[in-house]
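Novice: Need a 3D model of the sequence below.
(one chain, ligands or ions: 1)
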Amino acid sequence: MSARPPAATRNFSIIAHVDHGKSTLADRILERLGAMGERDKRDQTLDTLELERERGITIKSTPIRLEYTRPLFEDGTGGETYVLNLIDTPGHVDFNYEVSRSLAACEGVLLLVDASQGVEAQTIVNAYLAIDNNLEIVPVINKIDLPAADPEGAAKELEDVIGIPAEDAVFASAKAGIGIDEILEAVVARIPPPSGDPEAPLKALIFDSFYDAYQGVILFVRVLEGTVSAKDQITLMNADRSFEVDKVGTFTPGLVVGEQLQAGAVGWVAAGIKDIADAQVGDTLTGRERKTPEAFPGFKPAQPVVFSGLYPTDTEDYRKLRDALEKLKLNDAAFSFDPETSEALGFGFRCGFLGLLHAEIIQERLEREYDLDLIATAPAVVYRVTLTNGDVFETQNPAEFPTRDRMTSVEEPYIKLSVMLPEDYVGPVMGLLQERRGSMVTMNYLGKRVELVYEVPFAEILYDFHDRLKSISRGYASMDYEQLGYRDGDLRKVDILVNNEIIDALAVIVHETKAYALGRKIVDKMAEVIPRQMFPVPVQATIGAKIIARATVKAYRKDVLAKCYGGDISRKKKLLNKQKKGRARMKQIGTVEVPQEAFLAVLSTDE
Ligand SMILES: Nc1nc2c(ncn2[C@@H]2O[C@H](COP(=O)(O)OP(=O)(O)OP(=O)(O)O)[C@@H](O)[C@H]2O)c(=O)[nH]1
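Specialist: This is a model prediction of the structure:
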């Protein structure tokens, strides 16, 4: 494995906007290079988790080592064999940091653009991630088989927006297998080989990892300098922890054990690391004795930015939930959980995620793989509050948010949001962004399409923003964003009362200008979803002592069982059973049963 000089290696990734054909192209390359072999030819080989496949989104970056032998050309060239390390990248903004680390492990990328869609928001963001990492970009215009394809137009857009010469583009159809040979030739001809001195002190970048019950954490690394072998003593520079290497190897796919990994190589390292927090993506591996002078730049500890409470609907399941969270955490340094108690919901956990999709994935896994029924509270961002006594504290739990008289200021996280859309929808989309307290940074025209760049409070896009954007642009707009940092905001806590009791888990933080509208929306939605009781149930929204909105859940007119008096007993049983089923995902609060939907009332769309 290590005998091959780095000159014959190419490390690259495929980057694209969602659905532009990344997985299809990767599969086609694998197939072309025989890597599918005898294995079951599945739809999307690179997407490993069961859940990813169902959602059609790649979560884990799984590299694959391929061998490519150039054909013999008439001029007598060709015939050489190259090792191609194809590093997959997750295709969602929640995982942009992982994408940037995966790219840091490469020398080049295939930038894939759908010939019928053209450049989209994620195309631009991903291209800039590649440019920031000084990568060679090979533009590939995909789906040229589609009747609506305009390959030249898409190539021209790339040139106009990102400055990649249109004549560099390779036209392809991953589905029909067109242009695959050209793509492989472009990879070896245009993407530079890795450099680095195998004799230098070890310097390897961790770009992904997973937890294995027997081996501990398996690190996916790109060796930048030096060599790493079994029995080496290594140090993780940012974590400042040292380990002895058990095994190293490459991916073919599947983990293959090898002797060593040298500068330029992409492979895996197992070193009996038990805690994934010690081996975070972006950290640098070096020799314990012979250290590299500087860690690879740009390390950011995984930090959740969206928080939500997770409670078992059945209080008996608390331990089961804790065990499940512990298991998931083994594999996911970016996910956090801490016990929390809610007066309304009992014992649960405050969980932190990289974004809404990450939150949804974790929740779905808990329910499906661990068979748990959960109540999730509305997602919230982290607020920074300065109290009147000068103390500053951060909170992501609206229930803990202080009243106005106890604080002097609040700050909230902002993002830089980039939206790509046809010019016809610019008006309505700008209206939406303004409604979300956004301020424009730039507006770029490219032909009939426009890129809008806005600074927006993160909380404003958490809920229904993406759906609204899609619906007002008839599905044509695409978006991507990056975190910017904290800014002052005039924020209030809105409490929700059911049957005159504050339900702590329903509190939300909202901008002063929107408090009334949001309070109204929540109480109306609550009144709609809380089942009728034997008595009328008032639902109120308050700021401090002031009621800002109110609605009532009307009482039953008749007892459901009244009909059954004297009737046959099986019918009565059936009815009770039906009611019991309907009760799944309900939480008894005082005398009132509140369904999961009510806890997410704040997420319901305005329309
Ligand atoms: N007509 C046509 N369809 C294609 C081509 N390449 C991919 N597709 C289709 O486009 C859709 C999206 O392709 P994927 O490969 O899943 O896209 P992706 O970019 O990997 O998507 P994510 O994994 O969700 O990021 C699928 O329905 C593919 O069959 C192509 O060359 N021509």
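Novice: pLDDT score for residue 589?
Specialist: Listed pLDDT for residue 589 reads 68.
Novice: pLDDT below threshold where in this protein?
Specialist: Within the chain, the stretches with pLDDT under 70 are 1-7, 35-62, 91, 253-254, 557-591, 600-607.
Novice: Does anything pack onto the longest strand along it? Which helices or strands?
Specialist: Counting residues, the longest strand found in the chain (DSSP state E) is strand 407-422. The contact analysis (3 or more C-beta pairs under 8 Å, 6 or more residues apart in numbering; DSSP states H and E) places strand 407-422 against helix 121-132, strand 383-387, helix 426-435, strand 449-457, helix 458-462, strand 478-488. (Glycine included, C-beta is placed from N, CA and C.)
Novice: Pull out the buried positions in stretch 245-256.
Specialist: 245, 247-251, 253, 255 (16 or more other C-beta atoms under 10 Å).
Novice: Equivalent analysis for stretch 13-30, please.
Specialist: Buried, per 16+ other C-beta under 10 Å, within stretch 13-30: 13-30.
Novice: can you tell me if it touches the ligand.
Specialist: Yes - residues of stretch 13-30 contacting the ligand under C-beta under 6 Å from any ligand atom: 16, 18-24.
Novice: which two from the residues you listed end up farthest apart in space?
Specialist: Maximum pairwise distance among the residues of stretch 13-30 next to the ligand (C-beta to C-beta): 12.6 Å, between 18 and 24.
Novice: and residue 466, how many neighbours?
Specialist: 14 (other C-beta atoms under 10 Å).
Novice: what's the neighbour count on the spatially closest residue to it that is not a sequence neighbour?
Specialist: With sequence-adjacent residues excluded and distances taken as C-beta to C-beta, 6 or more residues apart in numbering, residue 466 is closest to residue 479, at 6.8 Å. By the criterion of other C-beta under 10 Å, residue 479 has 22 neighbours.
Novice: what sits opposite residue 479 in the beta ladder?
Specialist: Note on residue 479: beta-bridge partners residue 419, judged by DSSP bridges.
Novice: let's have the chain start at 521 instead
Specialist: New numbering, starting at 521: the last item is residue 999.
Novice: Taking the stretch 871-1020 of the chain, what residue is nearest to the ligand?
Specialist: The stretch 871-1020 of the chain approaches the ligand most closely through residue 877 (11.3 Å), counting by C-beta to the nearest ligand atom.
Novice: now that residue, what's its secondary structure?
Specialist: helix (DSSP: H, G, I helix; E, B strand; the rest coil).
Novice: Would you confirm that it contacts residue 538?
Specialist: No - in this structure, residue 877 is not within contact of residue 538 by C-beta atoms under 8 Å, at 11.0 Å.
Novice: Which stretches in the protein count as helices?
Specialist: Ranges of helices within the chain are 542-552, 570-575, 616-624, 641-652, 671-682, 700-710, 838-850, 876-889, 946-955, 978-982, 985-992, 1035-1049, 1089-1102, 1116-1119, based on DSSP state H.
Novice: contacting residues for residue 711?
Specialist: 530-532, 627-628, 656, 658 (C-beta atoms under 8 Å, 6 or more residues apart in numbering).
Novice: what residues are up against residue 828?
Specialist: Contacts of residue 828 by C-beta under 8 Å, 6+ apart are 870-871, 873, 879, 896-900.
Novice: mind running it again at 10 Å?
Specialist: The contact partners of residue 828, taken as C-beta atoms under 10 Å, 6 or more residues apart in numbering, are 869-873, 876, 879, 882-883, 896-900, 916-917, 1119-1120.
Novice: wait, doesn't residue 997 sit right on residue 990?
Specialist: Yes - using C-beta atoms under 10 Å, residue 997 is in contact with residue 990, at 6.7 Å.
Novice: Give me the more crowded residue out of these two.
Specialist: More crowded of residue 997 and residue 990, by other C-beta under 10 Å: residue 997, with 26 against 14.
Novice: Identify the residues contacting the more buried one.
Specialist: 640-641, 939-942, 945-946, 948-949, 952, 969-970, 972, 986, 988-991.
Novice: and if you look at residue 705?
Specialist: 588, 590-591, 593, 598, 690.
Novice: do residue 707 as well
Specialist: Contacts for residue 707 (C-beta under 10 Å, 6+ apart) come out as 530, 532, 549, 588, 602, 604, 606, 628-630, 656, 658, 690.
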